[in-house]
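Visitor: following is a predicted model, sequence given first.
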Amino acid sequence: MSDRRTISVTINGETYEREVETRLTLADFIRHEVLLTGTHVGCEHGVCGACTILLDGRTARSCLMLAVQANGHEITTVEGIAPNDTELHPLQQAFQDNHGLQCGFCTPGMLTTLIEFLGDNPDPTEQEVREAISGNLCRCTGYQGIVAAALDAAKRLQGQETAGA
Amino acid sequence: MKPPPFTYHDPRSIEDAVALLAEKDNAKLLAGGQSLMPMLNMRFVLPDDVIDLNLIDGLAGITEDGDTLVFGGMTRQRDIEYSDLVARRCPLMKEAILNVGHRQTRNRGTYGGSMSHLDPSAELPSVSMAQDAIVTVQKKGGTRDIAMADFPMGYMMPSFELDEMVTGIRVPLWPEGHGYAFEEFARRHGDFAITSSAVLLDVEPGGRISRASITVGGVGPAPLRVTAVEEGLTGETGSVELFTEIAEKCREIDAMEDVYAPAWYRQHLASVLTRRALGKAFSRAANGTEMTLR
Ligand code: FES
Ligand code: FES
């Protein structure tokens, strides 16, 4: 008999209540139960970073959490990053402008990782950016465009702050 | 790759957790999940019961108790990384923690989890060994302390019993102005190191070394104190020549061999990293002198 629990998880501002098997990973919950397929699953053992989400504002690999552990927590996935349906987040815009993606498989994890990183370190060096994404594998870009996008986004986000202040 | 079926428990107190641990004979404790979850996904472990420690209050935190830092078992690696207390009083740990996985895994991974998993090249067990930490474990009906020297029993095998869990780690601190350095070599940033070296030095005015602690990780089945190097340093005055010569003793350590590296290579890394770490630690010590060792 399978061990099941009812959980309630807020994803991108919307609360989802589901009865799930306790062994279900958070990544599979997001993709298969909530049907938000923007979060990608590459390795399912914590190596590739594609499944990175924000849990209460902090990055976590969703393949290394059980869905039941997210009960009562708030999650942001790549679908929740943009401010609205027509505009991109400055980081997403920087990715587009700097060729920060090709196939896009790694992109959701790169974006969530960099959002937290730029919050921790708003004015990073190139070396720091490379270190920040060292837990995210990209098989297409050679990372150059991603690093350029992150540095560009840091500038844009800082500009936004001064403009808003 | 999906976890095998198990029964999930989320106790709210340490007492409830250890009671479950005593009652279930094929149970696994889930702390930060950065090692257990991959092992579940790959079905390297097949527990009947998983006991999640994340909802227990009061199992995380860093406090200062005289000349000791006290860590709760569920203290996240990120909280160690950003702790002013750790940076100020235990700089070796601060330097080492930046090599632990990645920001995403440090957000979840815990001190107690890392100690219980006891990977031979994991940074926190190495730092604990270097600082002579004391691990507190609890089971139904009692707690006990295990000195770090007695903590590893073998490869990935801590010496506590199956019905015990790590609840805290006490880390004795070195005096202000001590020298410290953590050096490691890994194929990719954030990977488990092939070999690491952790060095602590107490240096008297004039450059005489009064106390030395040298730990290599990834060489033996668990972090190892290199007493031959410690003894060779104590009472001597730090110099490039001394450090270069003494670090060579690391080549005599009985080293592991696996698909990643042969024994001679780990011995070589241990000597090079220890040499560099000694130079760095001596430069950083209040009574040391600036020197660079390659
Ligand atoms: S799918 Fe989670 S890290 Fe690769
Ligand atoms: S864009 Fe294809 S994996 Fe990164």
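Guide: Sure thing, it's come through. Ligands and ions are numbered 1, 2, ... in the order given.
Visitor: count the neighbours of residue 103 for me.
Guide: Went with chain A since none was named. The number of residues packed near A:C103 is 10, by other Cβ atoms under 10 Å in any protein chain shown. From N, CA and C alone the C-beta is placed, and that goes for glycine too.
Visitor: not quite, I wanted chain B
Guide: 23.
Visitor: not counting sequence-adjacent ones, nearest residue to B:S210?
Guide: B:D202 (4.8 Å; Cβ to Cβ, 6 or more residues apart in numbering or on different chains).
Visitor: now that neighbour: how far from ligand 1?
Guide: As judged by Cβ to the nearest ligand atom, to the nearest Å, B:D202 and ligand 1 stand 42 Å apart.
Visitor: my guess is A:E19 meets A:R4, correct?
Guide: Yes - in this structure A:E19 lies within contact range of A:R4 using Cβ atoms under 8 Å: 5.6 Å.
Visitor: which stretches of chain A have low pLDDT?
Guide: A:1, A:163-165 (pLDDT under 70).
Visitor: how about the strands of it, start to end?
Guide: A:4-11, A:14-21, A:52-55, A:58-61, A:74-76 (DSSP state E).
Visitor: A:A150 touches A:E116, doesn't it?
Guide: No - counting by Cβ under 8 Å, A:A150 does not reach A:E116; the two are 11.9 Å apart.
Visitor: when those two are compared, which one has more neighbours?
Guide: Neighbour count, other Cβ under 10 Å: between A:A150 and A:E116, A:A150 has more, with 28 against 20.
Visitor: the more buried one: what's it in contact with?
Guide: A:L91, A:A94, A:G100, A:L114, A:F117, A:L118, A:P124, A:V129, A:A132, A:I133 (Cβ atoms under 8 Å, 6 or more residues apart in numbering or on different chains).
Visitor: make it 6 Å
Guide: A:L114, A:V129 (Cβ atoms under 6 Å, 6 or more residues apart in numbering or on different chains).
Visitor: quick check: the gap between it and B:I97.
Guide: Computed with Cβ to Cβ, to the nearest Å, the distance linking A:A150 and B:I97 is 23 Å.
Visitor: residue 38: neighbouring residues, count only.
Guide: Since you didn't name a chain, this refers to chain A. 17.
Visitor: oops, chain B please
Guide: 20.
Visitor: which helix or strand contains it?
Guide: helix B:36-41 (DSSP states H and E).
Visitor: for the stretch 1-150 of chain B, what spans make up the strands?
Guide: Listed in chain order, the strands of the stretch 1-150 of chain B (DSSP state E, counting those that start in this stretch) span B:7-9, B:27-30, B:49-52, B:62-65, B:68-72, B:134-139, B:142-147.
Visitor: what's the spacing between the longest helix belonging to chain A and its chain's center?
Guide: Ranked by residue count under DSSP state H, the longest helix found in chain A is helix A:144-164. Distance, stretch centre to chain centre, for helix A:144-164: 17 Å (Cα atoms, centre = their mean, to the nearest Å).
Visitor: return the set of buried residues in it.
Guide: Residues of helix A:144-164 classed as buried: A:G145, A:I146, A:V147, A:A148, A:A149, A:A150, A:L151, A:D152, A:A153, A:A154, A:R156, A:L157 (neighbour count, 16 or more other Cβ atoms under 10 Å in any protein chain shown).
Visitor: quick one, helices of chain B?
Guide: B:14-23, B:36-41, B:77-81, B:84-89, B:91-97, B:103-106, B:111-117, B:123-130, B:227-233, B:240-247, B:263-284.
Visitor: these: which one's closest to B:L173?
Guide: With Cβ to Cβ, the closest approach to B:L173 among these belongs to helix B:84-89: 5.1 Å.
Visitor: what is the closest one packed up against?
Guide: Under the contact definition 3 or more Cβ pairs under 6 Å, 6 or more residues apart in numbering or on different chains; DSSP states H and E, helix B:84-89 sits against helix B:91-97.
Visitor: report the distance from the helix it packs on to the chain centre.
Guide: So, by Cα atoms, centre = their mean, the centroid of helix B:91-97 is 10 Å from its chain's centroid.
Visitor: same thing with stretch A:135-145?
Guide: So, by Cα atoms, centre = their mean, the centroid of stretch A:135-145 is 15 Å from its chain's centroid.
Visitor: care to break chain A down by domain?
Guide: Following automatic domain parsing, one gets these domains for chain A: A:4-80, A:90-164.
Visitor: and B:R294, which of the strands of chain A is closest to it?
Guide: Nearest of the strands of chain A (Cβ to Cβ): strand A:58-61, 35.7 Å.
Visitor: what lines up beside the closest one in the sheet?
Guide: strand A:52-55 (antiparallel) (DSSP bridges).
Visitor: dump the partner strand to CSV, keeping only the CA atoms.
Guide: C-alpha atoms of strand A:52-55 as CSV (Å, rounded to 0.1, in the frame of the first residue of the first chain):
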residue,chain,number,x,y,z
THR,A,52,16.6,24.4,-9.6
ILE,A,53,13.6,26.3,-8.1
LEU,A,54,13.3,28.9,-5.4
LEU,A,55,11.9,27.6,-2.1
